[in-house]
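Sharing a model that was predicted from the sequence below.
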Amino acid sequence: MGDRLKDRVAIVTGGARGIGEGCAKAMAAEGARVVVADVKDADAARTVREIEARGGSAVYVRTDVLDAASIRACVHATLERFGALHALVNNAGTHFPHAIDELSSEKWDFMLDLNLKSMFLFCQAALPELRKAKGAIVNMSSVRGLIGQTDAVAYCASKAGILGFTRGLARDEAKNGVRVNAICPSNVRTPLMEEWLAKQKDPAAMRKLCEDAQPIGRMAEIEEIGRVAVFLACADSSFMTGTHLVVDGGALLD
Ligand code: NAD
């Protein structure tokens, strides 16, 4: 166990599985008390169990990031349980392929609400506590917020929007001592990725393409993203705000 987040309290949205699980585990491994904010009860229970088995501290607070009241209840539960809030990782989000001609207004709204508006709502609810703690916010964007992707206009818009939101909020909160940064991963081996691969005509060939997209020759593991979230949440990044870290195995080099 490290101590870079010793005695810190962190909320990780979408912390039950995938990249959020990686963030929750990496932060707990550095001493943070982690609140897993998610809607997947079984996955969340497993993640909490695995953190505790490694000697870390975590609790599951069922939270729907599409619902402002649920978000406020999560912040409240965090304070009741741990008495403070030092870090917020806004990670919950999704991706589904959508050609623009078939994209309904409802599906556009869903993607933007889940991937982007949820961050606004969570930050708004958490900022009073984060200001007291001089804390940090880490927003999960994507390389797709920097470059395009076929059949993904709403996803790309949401991920680019996160970067704009991050910069705007960083300006506002610098005077309050709260730092705000983002992470842009490329392909990460998560349940969402595995579910998508399984639906492809030739999953093995598509997996190879997804691996070869990174010059490093593989997808990222979830804790490789989690450790970057630790860096942005802890004092090691004390002079960084309003920026993003590309964590892409070299994918954007070409
Ligand atoms: P995932 O589906 O494996 O995990 C997402 C988690 O978010 C799940 O536990 C899910 O229950 C939770 N979640 C979804 N809707 C929620 C809601 N309304 N309230 C609370 N929790 C909710 O996905 P992932 O691949 O780990 O992706 C996580 C984030 O990382 C997303 O924002 C995604 O866009 C981003 N990302 C993923 C990749 C990748 O290759 N997997 C690459 C770049 C960015």
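Looks like it came in fine.

List the contacts of the spatially most central residue of the chain.
For the chain, residue 91 is the residue whose C-alpha lies nearest the centre (CA atoms, centre = their mean; 2.0 Å). Residues in contact with residue 91 (CB atoms under 8 Å, 6 or more residues apart in numbering) are 12-15, 19-20, 23, 138, 140, 229. Any C-beta I mention is one placed from the backbone N, CA and C, and that applies to glycine too.

can you do 7 Å?
Contacts for residue 91 were tallied using CB atoms under 7 Å, 6 or more residues apart in numbering; they are 12-14, 19-20, 23, 140.

And for residue 50?
Contacts of residue 50 by CB under 7 Å, 6+ apart are residue 25.

Now the nearest residue in space to residue 216 that is not next to it in sequence. Its backbone dihedrals?
Using CB to CB, 6 or more residues apart in numbering and skipping residues adjacent in sequence, the residue nearest residue 216 is residue 249, 3.6 Å away. Here is the backbone geometry of residue 249 (degrees, to the nearest 10): phi 50, psi 20.

From residue 177, how far out is residue 249?
Residue 249 is 33 Å from residue 177, where distance means CB to CB, to the nearest Å.

Neighbour count: those two, which is higher?
residue 249 (21 against 13; other CB atoms under 10 Å).

which ones are touching that one?
Applying CB under 7 Å, 6+ apart, the residues near residue 249 are 186, 214-216, 220.

Now for the contacts of residue 91: which two are most distant?
13 and 19 (10.7 Å; CB to CB).

Please say which of the two ends up with more neighbours.
residue 19 (30 against 26).
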